[in-house]
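[1] I would like to see how this sequence folds:
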Amino acid sequence: MNANQIYALESGSIDISLATLYGWGYNHVPEIDWDEAADEELKNERVTVRIVKHHNYDWRRFWRLASVWLDDKPVMIIQNAGREGDDHHARFVTDSEAYREMVEYIISLFPKPQMKYVETIDANENIPGLTRFYSQCLEGPFRKD
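    The predicted structure is shown next:
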């Protein structure tokens, strides 16, 4: 079966939650750090996940085949299976331009990140740990194994 045939299949359900795109051990959109919005409800109005088949084996394990659409245009096929959908996961992007547009759209939904404190050092301070790490020293001998 090819991607267009999967896109043409009737959906068992349609999900507008972007949480379907990521989990504990997978991220179908790795360009996005979903932790940035973990506590925020993203107001998605353009991305839909059309679930072709979702089968629960038990309270924890499932098998899912779905397609992802942006503005009713197919973007990619996604697969998840096993414990929380983490044991197997794959994506098959079929439209790179629509995928790029989808990523930009999702990022636009995130609250503006706040600048966090960044620990800095004095650039003039001598710090041995700058050149001495992993049992080696910049000035020391390096041997081949």
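
[2] where's the residue positioned nearest the centre of the chain relative to N4, distance?
    Central residue of the chain (CA atoms, centre = their mean): N27, 2.8 Å from the mean position. In this view, N27 and N4 are 25 Å apart by CB to CB, to the nearest Å. (Glycine included, C-beta is placed from N, CA and C.)

[3] How about G85?
    With CB to CB as the criterion, G85 and N4 are 24 Å apart.

[4] between those two, who's got more neighbours?
    Using other CB atoms under 10 Å as the criterion, G85 and N4 rank with G85 on top: 23 against 9.

[5] Quick check: the more buried one touching H28?
    No. Under the criterion of CB atoms under 8 Å, G85 makes no contact with H28, lying 10.1 Å away.

[6] Helices along the protein, start to end?
    3-8, 96-109 (DSSP state H).

[7] now the ones you listed as TSV including distance to N44 and mean pLDDT?
    Below are the helices of the chain laid out as TSV (distance: least, CB to CB, whole Å; pLDDT from 0 to 100):
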stretch	distance to N44	mean pLDDT
helix 3-8	20	94
helix 96-109	7	93
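
[8] Distance to T120 added to the ones you listed, as a markdown table?
    Formatted as a markdown table, the helices of the chain follow (distance: least, CB to CB, whole Å):
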| stretch | distance to T120 |
| --- | --- |
| helix 3-8 | 48 |
| helix 96-109 | 28 |
